[in-house]
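Asker: Show me how the following folds:
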Amino acid sequence: MSHDHTPPAPPAAPKTVVCPSCGGPSLYGPQNPWRPFCSERCKQIDLGAWASESFRMPTEAPPDDAPHGDPRQQH
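Answerer: Next comes the predicted model:
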């Protein structure tokens, strides 16, 4: 009876992703405290954009005089 001893798997190579701020390569792993950003600068730029509401989504709000609730339940 033979025992196959497989060596432990090597640690996974760090993944590289695209920095959401500058578009450059960013290390996505515990070595990068700013992930998914490539640097503290890019993280701060993105945070500033959110704070100034640059990423505001357009809404399709009903007119002020429109009834609220499920339209199927309004007669």
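Asker: Please spell out which residues along the helix or strand of the chain with the lowest mean pLDDT are buried.
Answerer: Across the helices and strands of the chain, mean pLDDT, DSSP states H and E gives its lowest value to helix 40-51, namely a mean of 89. Buried positions in helix 40-51, judged by neighbour count with 16 or more other C-beta atoms under 10 Å: 42-43, 46. Quick note: C-beta positions are derived from backbone N, CA and C, even for glycine.
Asker: mean confidence score for stretch 24-33?
Answerer: Averaged across stretch 24-33, the pLDDT comes to 94.
Asker: coming back round to it: dump the C-alpha coordinates for the least confident helix or strand of the chain into CSV.
Answerer: Taking C-alpha atoms only, helix 40-51 is exported to CSV below (Å, rounded to 0.1, in the frame of the first residue of the first chain):
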residue,chain,number,x,y,z
GLU,A,40,-4.4,55.9,-1.2
ARG,A,41,-4.5,58.8,-3.6
CYS,A,42,-6.9,57.0,-6.0
LYS,A,43,-9.1,55.9,-3.1
GLN,A,44,-9.3,59.5,-1.8
ILE,A,45,-10.2,60.8,-5.3
ASP,A,46,-13.0,58.3,-5.5
LEU,A,47,-14.3,59.1,-2.0
GLY,A,48,-14.3,62.8,-2.9
ALA,A,49,-16.3,62.2,-6.0
TRP,A,50,-18.9,60.3,-4.0
ALA,A,51,-19.0,63.0,-1.3
